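Q: What follows is a predicted protein model with its sequence.
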Amino acid sequence: MSQWRVFITRRLPDDILAPLFEHADVDVWPERLPPPYDELRRRTAAADGLLCMLTDRIDASLIAQAPRLRVISQMAVGYDNIDVAAATARGIPVGHTPGVLTESTADLAFALILAAARRLLDGVRFIERGAWQTWEPFGLLGQDVHGKTLGIVGLGRIGAATARRAHGFGMRILYTGPREKPDVAAALGATYVSFERLLAESDVVSIHCPLTPATRHLFNADAFARMKPGAILVNTARGGIVDHDALLAALRAGHLGAAGLDVTEPEPLPSDHPLMQCERVIITPHIGSATVQTRRRMAQMAVANLLAGLRGERLPHCANPEVFEKR
Ligand SMILES: NC(=O)C1=CN([C@@H]2O[C@H](COP(=O)(O)OP(=O)(O)OC[C@H]3O[C@@H](n4cnc5c(N)ncnc54)[C@H](OP(=O)(O)O)[C@@H]3O)[C@@H](O)[C@H]2O)C=CC1
Ligand SMILES: O=CC(=O)O
């Protein structure tokens, strides 16, 4: 009989799960949609290890009723869906997958910047409704990105990778965050500024900070009012960082030029949500890290974190490494 029982909340490739099959009884949720919360609780209650996704709510109550649980391993870099403090209080390490998804997510952020600035979706919709009759000297005009200013909110791994792309496209770069990053910024010629100055001077603002109590609705009506008329907002971080009602109002008032959103709150956004119908808004279904290569690396990393936790070893990538100090 296997030593451990593991619950995995989505199907993952068998070759990646193979190291787990050798050591554990593996319960894999078989559906395409995530397990409903009650099912997540029920199955986690019997598990020593949980491999979960950002769609799973891992709250204090769920953790409390899982007496055997010794590791939580999330297949994502962000872990705002997990009550890490509750896990830490129980001495349970929380794994995540930083680094391997940085370049893919920055590619998507920059794709949204270009698509929003150059009205890519408007052009596609134009053709789809049969409106393309000729080349027009002043039709479907977008904005240049070269020579413009990009404001990065959170110059971490993905923020810096997005800034590198912008640097290559001839953009001036500002950034804001809790502290200055002189080494990263020097290579990009990026300038550290306050949040307010970044809003006032950026033609494009790209969000790359985590969702925390401090960043929830950081982009509210006041922030939008401070942005430059015609500015573009791109969010590939978490939907909760943006107040969507305020975003909609700023777009409808014509103050903001466009938005590119890979993340929304909730996800999925209902199909009748006004942002879905809004011209100059491009919404993608949270696909920042969605490449074959990156998702495989994320899954492998999540399995490695899970196995380390089951064995009582330090996780290679841990959101709460302090649990190991207490041992
Ligand atoms: N769309 C998608 O599919 C994906 C989305 N993501 C999202 O991107 C986020 C960033 O990932 P990653 O770059 O790897 O994380 P990092 O931790 O490397 O970067 C986050 C950055 O945000 C900064 N930050 C923290 N708080 C604030 C704040 N209040 N205001 C401004 N900046 C702040 C941090 O500063 P400091 O270092 O000083 O603490 C850090 O530089 C994830 O948390 C996740 O939510 C990630 C992958 C894919
Ligand atoms: O949103 C994705 C993540 O990895 O975080």
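A: Nice, thanks for sending it over. Residues are numbered from 1 along each chain as shown. Ligands and ions are numbered 1, 2, ... in the order given.
Q: and the spatially closest residue to residue 105 that is not a sequence neighbour, helix, strand or coil?
A: Closest residue to residue 105 apart from its sequence neighbours, by CB to CB, 6 or more residues apart in numbering: residue 288 at 3.9 Å. To be clear about C-beta, it is placed using only N, CA and C from the backbone, and glycine gets the same treatment. Here residue 288 is recorded as coil under DSSP: H, G, I helix; E, B strand; the rest coil.
Q: Neighbours of residue 288, how many?
A: Residue neighbour count, defined by other CB atoms under 10 Å, stands at 25 for residue 288.
Q: wait, residue 209 sits on residue 237?
A: Yes: counting by CB atoms under 8 Å, residue 209 touches residue 237, with 5.9 Å between them.
Q: By proximity to ligand 1, which residue of the stretch 151-300 of the chain wins?
A: Evaluated by CB to the nearest ligand atom, the stretch 151-300 of the chain has residue 156 as its residue closest to ligand 1, separated by 1.8 Å.
Q: what sits against that residue?
A: Contact analysis of residue 156 by CB atoms under 8 Å, 6 or more residues apart in numbering lists 177, 208-209.
Q: swap the cut-off to 7 Å and go again
A: Contacts for residue 156 (CB atoms under 7 Å, 6 or more residues apart in numbering) come out as residue 208.
Q: and if you look at residue 19?
A: For residue 19, the contact set (CB under 7 Å, 6+ apart) comprises 303, 307.
Q: Now do the buried residues in the host helix or strand of it.
A: Per DSSP states H and E, residue 19 falls inside helix 14-23. Buried residues in helix 14-23, counting neighbours by 16 or more other CB atoms under 10 Å, are found at 16-17, 20, 23.
Q: Which of the residues you listed sits closest to residue 173?
A: Comparing those against residue 173 with CB to CB places residue 16 closest, at 36.6 Å.
Q: my guess is that closest one meets residue 300, correct?
A: Yes: contact criterion CB atoms under 7 Å: residue 16 and residue 300 qualify, at 5.6 Å.
Q: Residue 280 contacts residue 258, correct?
A: Yes: using CB under 7 Å, residue 280 is in contact with residue 258, at 4.1 Å.
Q: and those two? which has more neighbours close in?
A: Legend: neighbour count by other CB under 10 Å for residue 280 and residue 258, higher for residue 258 (27 against 17).
Q: who's that one bridged to?
A: residue 232 (DSSP bridges).
Q: Can you give me the distance of it to ligand 2?
A: Per CB to the nearest ligand atom, to the nearest Å, residue 258 is found 22 Å from ligand 2.
Q: Isn't that residue up against residue 278?
A: No: in this structure residue 258 lies outside contact range of residue 278 using CB under 7 Å: 9.6 Å.
Q: before we move on, back to that, residues that sit against both of residue 209 and residue 237, list them.
A: Counting by CB under 7 Å, 6+ apart, no residue touches both residue 209 and residue 237.
Q: The two: which is more packed in?
A: Under the criterion of other CB under 10 Å, the comparison of residue 209 against residue 237 puts residue 237 first, with 28 against 21.
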